[in-house]
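Enquirer: sharing a sequence plus its predicted fold:
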Amino acid sequence: MTKKMTLISLILMVFTSVFGFGNIPTAYYLMGYGAIPWYVLSALLFFIPYAFMMAEFGAAFKTEKGGIYSWMSKSVGPKFAFIGTFMWFASYVIYMVSTSNKIWIPFSTAIFGADQTQTWSFFGLSSTQTIGLLAVAWMAFVTFFASKGLEKISKISSIGGIAIMCLNLALLLVSIVILFLNGGKLAEPITSIHSFTHSPNTSYGTPLAVLSFVVFAIFAYGGIEAVGGLVDQTENAEKTFPKGIAISALIISIGYSIGIFVSGISAHWSTDLSLSTTNLGNITYVLMNNLGFKLGTALGIDVSTAKEIGTWFARITGLSMFLAYSGSFFTLIYSPLKTIIQGTPKTLWPKSWTKESANGMPVNAMWVQFAVVSIIVLMVSFGGDSASAFFNKITLMTNVAMTLPILFLALAFPKFKKNNAIEKPFVVYKSNKTGLIASYTVVILVGFANIFTIIQPAFSGDIGSTLYMIAGPIFFTIAALLIYNRGERKKDIEQNKAA
């Protein structure tokens, strides 16, 4: 008999699945201490209710192999389910667009001690165009080797994962040492409650911009869909699971809040983070470099040696993130694709896409995916943006893409609750009304956060970013409808032939 998870095991599982070190520098860069209330609010209004929904779904469909497609298909209907599942897959396509570009930043930092990508140029191309070509080359490299069944390379992500956990501890412990050596003085002073409600970043000085930040807070709690499959593995699930989720939300939100706060011990926003070369792609390495430098100066070391310490902090962070990105990429290149093809009706897909190699890889579909990602990469990278604007744009595109599937699952939940034909062995929301309230809370929060994120650049004069964020969901929705309708026509033809 398999040993079931205790409360502590469940909390650790949820924490490692959700907590992301990179979310801390991003939050501090965008909002300073003002990010803390939004992270706490997102834990209360998004993480907890959504995690409970996923737990109910997962427990009810634990024997289904179709994953979220089965959840939504049996709750709402196959068409809604396919569009929702396709948007989930599309979110990983956009994630690959982003990561295939961003991975060169930790690569550069690990080698040179700083982000040098903004100076790279091939054949007279701009830095963003050069990075775009490197991103396509990276996609080709990973697709080729993963299609050969060498997905075991993904195990290097565990090394990167351990290193990143160490970075969390380093940020905390080194910041405490700096605070002690500086006599309790913060680099970013707290003047009043105003410090926790306003951003030092002028780009986030308007109410609309602040509200658009919520999508970053929601993204920071991403990955909780995975907890749906943990219910039947949990000891005394009726009591342990809700308690575990609530405690996990508390620990993760406190963890993020502490991380954001201690960032202010070493980094003064206007002095250390406001350079034009700092962006959402390299902020993690800029912050860690600054942490090492401030440790050196606090110890009374000369400036040149302090800078060298900062460089090594950045190098170690870059290597850790590069290993983590690389490992996860080798999994993401085939896992979501394989899941959507195997989890949805085969009639929806061209036969060549469903065909698997001797290694169990959908090779043809993987190369189609490579082509789609490459086209999007080249469109964005050759769009004429500066390096900072480019990385900021693809980060926003990723956040929107990764949070949109949440809307489909949250909208399906009330239908799931009302369907008495579905056996529900694990129930948190004891009535349909409480389930409906939870669903609408998540839909409203995520929906408005995405709307604010999409329209905010347009109000700042950056219509291009807004158009990209609108075009992505529209394109993938149309693609999903075309694939679904083609499959339905194919099924009708086959049924007519059989008759």
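Expert: Now that the structure is in, tell me what you want to look at.
Enquirer: what's around the residue nearest to S270 when sequence neighbours are not counted, how many residues?
Expert: The spatially closest residue to S270, leaving aside those adjacent along the chain, is P200, at 6.4 Å (CB to CB, 6 or more residues apart in numbering). Bear in mind the C-beta positions are built from the backbone N, C-alpha and C, glycine included. For P200, the count of nearby residues is 21 (other CB atoms under 10 Å).
Enquirer: could you do the one 5 residues further on as well?
Expert: When neighbours are counted by other CB under 10 Å, G205 registers 11.
Enquirer: wait, it touches S199, no?
Expert: Yes - contact status for G205 versus S199: in contact at 6.4 Å, counting by CB atoms under 8 Å.
Enquirer: before we move on, back to that, the residue nearest to S270 contacts W269, correct?
Expert: Yes - between P200 and W269 there is a contact under CB under 8 Å: 3.9 Å.
Enquirer: name the residues contacting each of the two.
Expert: Shared contacts of P200 and W269 (CB atoms under 8 Å, 6 or more residues apart in numbering): G32, E188.
Enquirer: longest helix anywhere in the chain?
Expert: Scanning the chain for the helix with the most residues, using DSSP state H, yields helix 463-498.
Enquirer: for that helix, which positions count as buried?
Expert: Buried residues in helix 463-498, counting neighbours by 16 or more other CB atoms under 10 Å, are found at G464, S465, T466, Y468, M469, G472, P473, F476, A480, I483, Y484, G487.
Enquirer: turn the residues you listed into TSV, including pLDDT and distance to S320.
Expert: TSV is the format used below for the buried residues of helix 463-498 (pLDDT from 0 to 100; distance: CB to CB, whole Å):
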residue	pLDDT	distance to S320
G464	80	33
S465	81	29
T466	86	34
Y468	81	30
M469	84	30
G472	82	30
P473	86	33
F476	87	32
A480	90	36
I483	88	39
Y484	88	41
G487	81	43
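Enquirer: tell me the one of these nearest Y28?
Expert: S465 (21.9 Å; CB to CB).
Enquirer: residues contacting the closest one?
Expert: Going by CB under 8 Å, 6+ apart, S465 touches N392, K393, L396, M397, P457, A458.
Enquirer: so the first one makes contact with N282?
Expert: No - taking contact to mean CB under 8 Å, the distance of 11.0 Å between N392 and N282 leaves them out of contact.
Enquirer: any weak-confidence spans in the stretch 51-200 of the chain?
Expert: Within the stretch 51-200 of the chain, the ranges that satisfy pLDDT under 70 run 65-66, 149-161.
Enquirer: contacts only, for Y256.
Expert: Shown in contact with Y256 (CB under 8 Å, 6+ apart): F19, N23, I24, A27, I36, Y39, A220.
Enquirer: pLDDT wise, what is the second one at?
Expert: We note a pLDDT of 90 for N23 in this prediction.
Enquirer: the closest residue to it other than its chain neighbours: neighbour count?
Expert: Distances taken as CB to CB, 6+ apart put A220 closest to N23, at 4.0 Å, once the chain neighbours are dropped. Neighbours of A220 under the rule other CB under 10 Å: 27.
Enquirer: neighbour count for N392 and N282, which is higher?
Expert: N282 (27 against 19).
Enquirer: grab the nearest non-local neighbour of F80.
Expert: Using CB to CB, 6+ apart, the nearest residue to F80 is M72, at 6.0 Å.
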